[in-house]
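Here is the input, now give the coordinates:
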Amino acid sequence: MKNISSNFFRNWRAEIVAALCAGAFAGQAQSFQPTWQESGMTHLANLPFIFYELKTDAPEALKHVPADVTDPLFVSFLSGTEKPRLAHSIMIEVKDNVPTRLFVNANADGEFSKDEIFNWEPRELTANDGAKAVQYLCSVRMKLTSAGKMGVIKFRYMRRGESPFSKDEPLLACNCDYGVKGQIKIGDHAMTAALFDVAATADFSLTARGKIPLVWFDVNTNGTVERGEVFSANKSFRLQRMLWTVTNLTSEGAFEVVPLSTNVNTTVPAVATKAKAKDGVDLRAGQKAPGFTAKLMDGKTVNFPSDYKGKIVLVDFWATWCGPCLEEMPNVIANYNQFHNQGLEILGITLDREDATKKITKLTQSKNMPWPQIYDGEYWESAVPKLYGIHSIPHAVLVDGDTGLILADGKDLRGLKLGEAIADALAKNKK
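Here you go, the predicted model:
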């Protein structure tokens, strides 16, 4: 078997975590005790697929191939925390380039029993370029550990030569519908947490796997996974404007969360002026723009909108990782160059992740974006975007600096509409 999904992650934090656990933060550790979930985890989050090359040679663990199968393809699937791990032989019967049956040695005994033979469910897909593809789906409940722990694996077969996602080779893809859930308290807030197995081994430790599990904290306590709530278990993350890390992660999925720092903010917390709750912010023209105080990337502090008296301000929500934002940026730059001397200012709000200062600076300089930027490194949890209820980017809000009223928002500030809205606002501002 050859796992070709991605390069191995590096567990570069082990010594730091060990030192923290022995130091001042050890007393603040919050424990998570997992409860095994056989299925249902893929309904919470869109998990990455694991891809396996299909072989024509049968795995050593398979004792024999059924006599009525011709031209089979094979994969050996390993699971469990014990050594040696359980070896599940997987065989796909293919006729006329179409998979007809799936054989999964779910109990890892080296034999295909009658209840280990499955039928594929076809599903038609359309790629971004319009090309058609057919994927074949099947969910299988499998024995994942020697102790008998069971879990559901979702398999997908991609047809040779017909799938734009598989190029010229057939691939077997899978992701894990099982995982662990439980409760944890981070800071003063209790919430649900979960671990997703993205390597299909039923082993959640960092040292025994080639892929790092994902951890979810239900910060909004709404039972669904949202942006900014899922993190790689070997990296620090931000919650409640603090920096935290997962440590002492076991193969069973138990772990602790400890604070790394309480001084990681690069912005003053946003202060609302008649702003509604996140999901109820009204950014329609004529409404009052939520006010805030924040630290700019150049170290200065901005008070919005009071610092923009006599100006028309474009509040531009974007990020260096956002393709559509970068596509729209030449339009934003062109309008800034055209209208800046007439009274237009731009205030950039970047939703970049932590440690992106150099990347943001390099990009803004290379593209000649001279306007100030607010950046706190908290991704979708960034203070000002949360205050404005921003759920997607690029997103812009045009504001009258004198009155603080919103003049235009969202789609009314994209493409040619941006220049039209700015010109109209500046003309009215001169009267």
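
Grab the longest helix from the protein for me.
helix 323-339 (DSSP state H).

And the next helix or strand past it?
strand 344-350 (DSSP states H and E).

what pairs with that following strand, and is each one parallel or antiparallel?
strand 312-318 (parallel), strand 373-374 (parallel) (DSSP bridges).

Let me know which of those strands is the nearest to Val246.
Closest to Val246 of those, according to C-beta to C-beta: strand 373-374, at 28.5 Å. C-betas here are computed from N, CA, C, even on glycine.

distance between the helix or strand that the closest one is followed by and the chain's centre?
Where DSSP H and E defines the elements, the next helix or strand beyond strand 373-374 is helix 383-388. For helix 383-388, the separation from the chain centroid amounts to 19 Å (computed by C-alpha atoms, centre = their mean, to the nearest Å).

and helix 383-388, which residues are buried?
383-385, 387-388 (16 or more other C-beta atoms under 10 Å).

tell me what it is packed against?
Packing partners of helix 383-388 (3 or more C-beta pairs under 8 Å, 6 or more residues apart in numbering; DSSP states H and E): strand 292-295, strand 312-318.

In TSV: the ones you listed, plus distance to Pro330 and mean neighbour count.
Shown next, in TSV, are the helices and strands packed on helix 383-388 (distance: least, C-beta to C-beta, whole Å; neighbours: other C-beta atoms under 10 Å):
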stretch	distance to Pro330	mean neighbour count
strand 292-295	26	20
strand 312-318	13	25
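
For the protein, give me the ranges with low pLDDT.
Applying pLDDT under 70 to the chain flags residues 1-28, 127-128, 159-169, 207-210, 240-241, 261-280, 431.

And the helices in it, which stretches?
14-22, 323-339, 357-366, 383-388, 416-430.

Contacts for the second one next, please.
The reference is to helix 323-339. 312, 314, 316, 318-320, 344, 346, 367-371, 393-394, 396, 414-415, 418-419, 422-423, 426 (C-beta atoms under 8 Å, 6 or more residues apart in numbering).

which of these are buried?
312, 314, 316, 318-320, 344, 346, 369, 371, 393-394, 396, 414, 418, 422-423.

picking up where we left off before, so for Glu378, which of the helices and strands packed on helix 383-388 sits nearest?
strand 292-295 (12.2 Å).

Just the buried residues of the longest helix of the chain, please?
325, 328-329, 331-333, 335-336, 339.

Equivalent analysis for stretch 66-76, please.
69, 72-76.

Out of these, the closest to Leu249 would be?
Distances from Leu249 to the buried residues of stretch 66-76, taken by C-beta to C-beta, are shortest for Ser76, at 26.5 Å.

Cross-check the contact I'm expecting between that closest one and Pro84.
No. Contact between Ser76 and Pro84 fails when scored by C-beta atoms under 8 Å: they sit 11.9 Å apart.

for this structure, which strand is longest?
The single longest strand within the chain, with elements called by DSSP state E, is strand 132-143.

Show me what that strand packs onto, helices and strands only.
strand 98-104, strand 117-119, strand 121-126, strand 150-158.

Looking at those, which one is packed in the most?
Ranked by mean neighbour count, the helices and strands packed on strand 132-143 are led by strand 150-158 with a mean of 22 (mean count of other C-beta atoms under 10 Å).

related to what we said a few turns ago, adding distance to Phe112 as columns, could you present the helices of the chain in TSV?
Formatted as TSV, these follow (distance: least, C-beta to C-beta, whole Å):
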stretch	distance to Phe112
helix 14-22	42
helix 323-339	46
helix 357-366	51
helix 383-388	53
helix 416-430	61
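
To Pro122, which of those lies closest?
That would be helix 323-339 among these, by C-beta to C-beta, at 31.4 Å.

now the helices and strands packed on strand 132-143 as TSV including distance to Lys63?
Formatted as TSV, these follow (distance: least, C-beta to C-beta, whole Å):
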stretch	distance to Lys63
strand 98-104	13
strand 117-119	16
strand 121-126	28
strand 150-158	21
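
Can you check which of those strands gets nearest to Ala194?
The nearest among those, by C-beta to C-beta, is strand 150-158 at 13.8 Å.

For Val94, which of the helices of the chain is the nearest?
Going by C-beta to C-beta, the one of those nearest Val94 is helix 323-339, 36.9 Å.

Now do the closest one against strand 344-350: the angle between them, please.
With axes from the mean of the first three to the mean of the last three C-alpha atoms, to 10 degrees defining the directions, helix 323-339 sits at 160 degrees from strand 344-350.

Report the backbone C-alpha coordinates of helix 323-339 in PDB.
The C-alpha trace of helix 323-339 is given here as PDB (Å, rounded to 0.1, in the frame of the first residue of the first chain):
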ATOM      1  CA  GLY A 323      -8.000  34.000  -4.400                       C
ATOM      2  CA  PRO A 324     -11.200  36.100  -5.200                       C
ATOM      3  CA  CYS A 325      -9.800  38.900  -3.000                       C
ATOM      4  CA  LEU A 326      -6.600  39.000  -5.000                       C
ATOM      5  CA  GLU A 327      -8.500  39.000  -8.200                       C
ATOM      6  CA  GLU A 328     -10.600  42.000  -7.000                       C
ATOM      7  CA  MET A 329      -7.600  43.900  -5.600                       C
ATOM      8  CA  PRO A 330      -6.500  45.500  -8.900                       C
ATOM      9  CA  ASN A 331      -9.900  47.100  -9.100                       C
ATOM     10  CA  VAL A 332      -9.600  48.300  -5.500                       C
ATOM     11  CA  ILE A 333      -6.200  49.800  -6.200                       C
ATOM     12  CA  ALA A 334      -7.300  51.500  -9.400                       C
ATOM     13  CA  ASN A 335     -10.200  53.200  -7.600                       C
ATOM     14  CA  TYR A 336      -7.900  54.300  -4.800                       C
ATOM     15  CA  ASN A 337      -5.500  55.800  -7.200                       C
ATOM     16  CA  GLN A 338      -8.400  57.600  -9.100                       C
ATOM     17  CA  PHE A 339     -10.300  58.900  -6.100                       C
END
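
Next, the contact list for the residue lying closest to Phe49 once chain neighbours are set aside, please.
Counting by C-beta to C-beta, 6 or more residues apart in numbering, Ala173 is the residue found nearest to Phe49 once chain neighbours are left out, at 4.3 Å. Residues in contact with Ala173 (C-beta under 8 Å, 6+ apart) are 49-52, 155-158.
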